[in-house]
Each structure stands twice: as structure tokens, then as C-alpha cells.
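In: With the sequence up front, the predicted model follows.
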Amino acid sequence: MTHSINDSNLVITDLSPDLTGEHIAVCGMIDKEHLQHGFVIYTKSPDHKYTEEERVQLDSVPSQISWGHPSFGQIIAVSDIHGTIYLFQRLSQNRNSPPRFTLFQSFNLPFFEECISLSFLPSPSSFILCALSKSIELQNEDIPYDATRTHPHPHGILSFFTPSDLLFSSQLPSSNTFIQSQITTPILLGNASSPTDRDDLSFLKQNIFLETKPTSFSWMSSASPIILCSVGCMDGTVKLYAYTHSLSRFEHKISIPFFSSKSISSVSISPLYLQQSHLIAISSAESPSVIIASLSPSLSHTVLYQHPLPNISFLTFSPDGSHLLCQSQKGEESIFTVRVKPGPSPSTQPLTIDLLPYQQK
């Protein structure tokens, strides 16, 4: 085994590392010879090599995969090309059997094609799964009434899934913790001993219909005092959504036009919280540069930096916010060290930023 996953019998459509850095899950065609689809779990050994640990076969073709926060146990979400989402948890059937991923819940995304982004909120205190989907071509009579009433021609949908027997705790001033209504422990699913322990578990679903075609999705870091997510769109705007405690739902807060008539290819919000501001990085495969901006608590933004880097299809901050990874349409990767300093004005420019080519020590 090498440091990379190199299996010629795999056709990978998506991958997701867990937040501990010890496992990677990949989905797609897991056996080309027998045309089998599903997902494979790889574990990192002490010498930093990856070895296959488990293989799960699916009847449908998976397109996206996401690993939940380890506070809730080992949970994986997988979406297929037909708009169905499956939730698996790693459990032992009995004391003598090794733990294996077991299906315990599934959802459908009606009226929409396969989701283009699937991710759990990266927080130990909140169990939220989000699926971003593009809409299929529909006749008006086929679109749900709630959608046609507010959005005559929806182009996509944001779907949020949260366990229905949990509540947001608005009494906790700086935490959006889910707490169980019956018992005090905040851990959901992690202490379940078998799949049958969750047979009565149901989920609340919130669908937000989008008037512009979505291209990318990103959560804000769990270090933030609010739960915030972003959606990049084909018209060059980034839409920000925040959880509103009084309404127990996500609401659209602001749309920011970062690129003029250029499709957003990727958005990433840094976990760094400096001078009461977050950093947000935005790319467009049609633009010659990457934009770095600051977001204030009121969600006003200031463009801090435009780095000349053309045709970027994907970017993401490192878990600690110290680095930015950029990938071009050709698959070429660039890593930058993010250097942040206090800006000249707390109100108009709270931060200054430089991107320096990363030099491995």
C-alpha cells in the first residue's frame, strides 16, 4: 500500500475523510469486474499508509458521501443518482462480531435530481445533515405547491435533516446544541447498541427552494457562535443561510455578488475568527483570480484580497484555517499559507491577508 488510495478496481465518485483524520470513505463503483457499487472504508496505519477496512455494497449508484462528527459515533451519509440519501452507523451486532456499517435511515429528495453536495455540520453539538440538489426540468403541475407559490421556477433545493426528538437549546448562549427532550445526554446514536434501538427515530426536514442554480455548498466552522452555511450559484452570488432559534429553521440572510455573471465553482469559510470576522474564499472557474473576503457578525462583507489564480474549480481551508488548498480544472493543486493581520480600520477593513506559497518543512 502507498500513501494514496490506488485501487484500479475502483471508480471513485466522491470521498470524505473523518474529522479524526484516521479514516477515509470513498464511494462509487467498488468492483469494476462485477459492476458492484457502494462505499469503501480505509484506515490510516501508524506509518501513514491506508488499508482497506470495510466494503459496503449498495443496490444503487452512489454519487456523494459524507462522514458525520465522531461525537455521534461513526456515521456516514451516502446519496445516489436518484436523489435518495442513506444513513449508516458502525455497530456490532453482538459482542463477538466486529463493528460494521449498518443502514438505519433513508430519505428521498422528491422532484429533484441527485444532490451535488452532501455534508454534516462539522460540530460535536449539533446533528444536521444538508443536501444540495439541482432541479430537474419540471412542468408547473409537477412542482410542489409550496414551491410554486413562492418560487415559480425553482432551480435547486437545500434540504436540512435533523432528528425530530431533539431540540435546539436556546438557553445556551454560545452553543447551538441539540439536546434530547427525554434525557440529558447530548449524544445521539453514539450510545445505541443495535440498529433496532433507532427504529422509532424520525427526522425533521426543511426544504429551501432556490431561484438561482446552485453549484457549491459550505458550512461555517463549529467554532462560530452561530450555525451558518453558504451556497455558491451560477449567477456569481453566494447566498448565506443562518439558523434562527425563534423559528427553529434556517433562513436566507443575504446574497453577495462576488463575481459578475461568472458561475461560482467553490466556497469555503475559514474556522478562524479574528477581529470578530470570518474569512470566506470564493472561486470561479471562469475567473483569473480567487477572492478572499471577511464576514462580520452582521454578515456584511469586505473584499480583502484577490489572488491571481485562474480556472479554480475547488478550494477549501484547512481545519485550522492556516492553509488554503486550490485545485484547477486540470487537477493541478496549489497550497497556500494564509497570513492574517489586523487591518487599518475595525469598521471598514478589520483584516489584511496574504496567500504565500506553502513550503513544507
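Out: Thanks, I have the structure now. Residues are numbered from 1 along each chain as shown.

In: strands paired with the helix or strand containing residue 342, and their directions?
Out: In the assignment (DSSP states H and E), residue 342 maps to strand 333-345. The pairing partners recorded for strand 333-345 under DSSP bridges are strand 323-328 (antiparallel), strand 349-357 (antiparallel).

In: Mind listing residues that contact the longest one?
Out: For strand 349-357, contacts defined as Cβ atoms under 8 Å, 6 or more residues apart in numbering pick out 274-277, 279, 292, 294, 296, 302, 304-305, 307, 324, 334-344. Every residue, glycine included, has its C-beta placed from N, CA and C.

In: among the residues you listed, which ones are buried?
Out: Burial by neighbour count, 16 or more other Cβ atoms under 10 Å: within these this picks out 274, 277, 279, 292, 294, 302, 304-305, 307, 324, 334, 336, 338, 340, 343.

In: Enumerate every residue touching residue 291.
Out: Contacts of residue 291 (Cβ under 8 Å, 6+ apart): 258-259, 281-283, 303, 305-306.

In: Excluding covalently adjacent residues, which one is nearest to it?
Out: Spatial nearest neighbour of residue 291, excluding adjacent residues (Cβ to Cβ, 6 or more residues apart in numbering): residue 282 at 4.6 Å.

In: Just list what the helix or strand harbouring that neighbour packs against, helices and strands only.
Out: Per DSSP H and E: residue 282 is located in strand 277-283. Here strand 277-283 touches strand 266-274, strand 289-295, strand 312-317, strand 349-357, going by 3 or more Cβ pairs under 8 Å, 6 or more residues apart in numbering; DSSP states H and E.

In: Leaving out chain neighbours, which residue sits closest to residue 158?
Out: residue 208 (4.1 Å).

In: Give the next helix or strand downstream of the helix or strand encompassing the one you found.
Out: Using DSSP H and E, residue 208 sits within strand 203-210. Later in the chain than strand 203-210, the nearest helix or strand by DSSP H and E is strand 214-219.

In: Packing partners of that following strand?
Out: strand 112-120, strand 129-135, strand 156-163, strand 228-233, strand 266-274.

In: mind listing what the residue positioned nearest the centre of the chain touches?
Out: Geometric centre of the chain, nearest residue: residue 119, 3.2 Å, by Cα atoms, centre = their mean. Residues near residue 119 by Cβ under 8 Å, 6+ apart: 66, 129-130, 217, 219.

In: One more pass at 10 Å, please.
Out: Shown in contact with residue 119 (Cβ atoms under 10 Å, 6 or more residues apart in numbering): 16, 64-68, 77, 128-132, 217-219, 229.

In: which one of these sits closest to residue 53?
Out: Residue 53 has its nearest neighbour among the contacts of residue 119 in residue 67, at 13.4 Å by Cβ to Cβ.

In: thinking again about what came up before, kindly export the strand holding residue 342 (C-alpha atoms) in CSV.
Out: Output of strand 333-345 as CSV, limited to C-alpha atoms (Å, rounded to 0.1, in the frame of the first residue of the first chain):
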residue,chain,number,x,y,z
GLU,A,333,-3.2,21.6,-6.8
SER,A,334,-1.8,24.6,-5.0
ILE,A,335,-1.4,25.0,-1.3
PHE,A,336,-1.0,28.5,0.3
THR,A,337,-0.2,29.6,3.8
VAL,A,338,-2.8,32.1,5.0
ARG,A,339,-1.2,35.0,6.7
VAL,A,340,-3.7,37.3,8.5
LYS,A,341,-3.0,40.5,10.4
PRO,A,342,-5.2,43.2,11.9
GLY,A,343,-6.4,45.7,9.3
PRO,A,344,-6.2,49.5,9.3
SER,A,345,-9.8,50.1,10.3
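
In: Mean confidence (pLDDT) on that strand, please.
Out: In this model, strand 333-345 has an average pLDDT of 83.

In: got it, and stretch 34-50?
Out: 86.

In: cool, stretch 314-326 as well?
Out: 87.

In: and what of stretch 206-216?
Out: pLDDT averaged over stretch 206-216 gives 89.

In: what about that stretch, start to end distance?
Out: Using Cα to Cα, to the nearest Å, one end of stretch 206-216 lies 19 Å from the other.

In: Report the buried residues of it.
Out: Neighbour-count burial for stretch 206-216, counted by 16+ other Cβ under 10 Å, picks out 207-210, 212, 214-216.

In: Residue 71: what secondary structure?
Out: Here residue 71 is helix, with the state taken from DSSP: H, G, I helix; E, B strand; the rest coil.

In: What residues are bridge-paired with residue 354?
Out: Beta-bridge pairing of residue 354 under DSSP bridges involves residue 339.

In: Please tell me how far it sits from residue 272.
Out: 14 Å (Cβ to Cβ, to the nearest Å).

In: before we move on, back to that, which other helices and strands contact the strand holding residue 208?
Out: strand 100-108, strand 129-135, helix 145-150, strand 156-163, strand 228-233, strand 237-244, strand 249-257 (3 or more Cβ pairs under 10 Å, 6 or more residues apart in numbering; DSSP states H and E).

In: Kindly state the domain boundaries assigned to the chain.
Out: Domains of the chain are assigned by automatic domain parsing as 1-211, 221-361.

In: Out of those domains, which gets the lowest mean score?
Out: Lowest mean pLDDT within the domains of the chain: domain 1-211, a mean of 73.

In: Just give the number of residues close to the nearest residue to residue 90 once chain neighbours are set aside.
Out: In space, residue 90 comes closest to residue 74 once its chain neighbours are excluded; the distance is 3.8 Å by Cβ to Cβ, 6+ apart. Residue 74 is flanked by 20 other residues according to other Cβ atoms under 10 Å.
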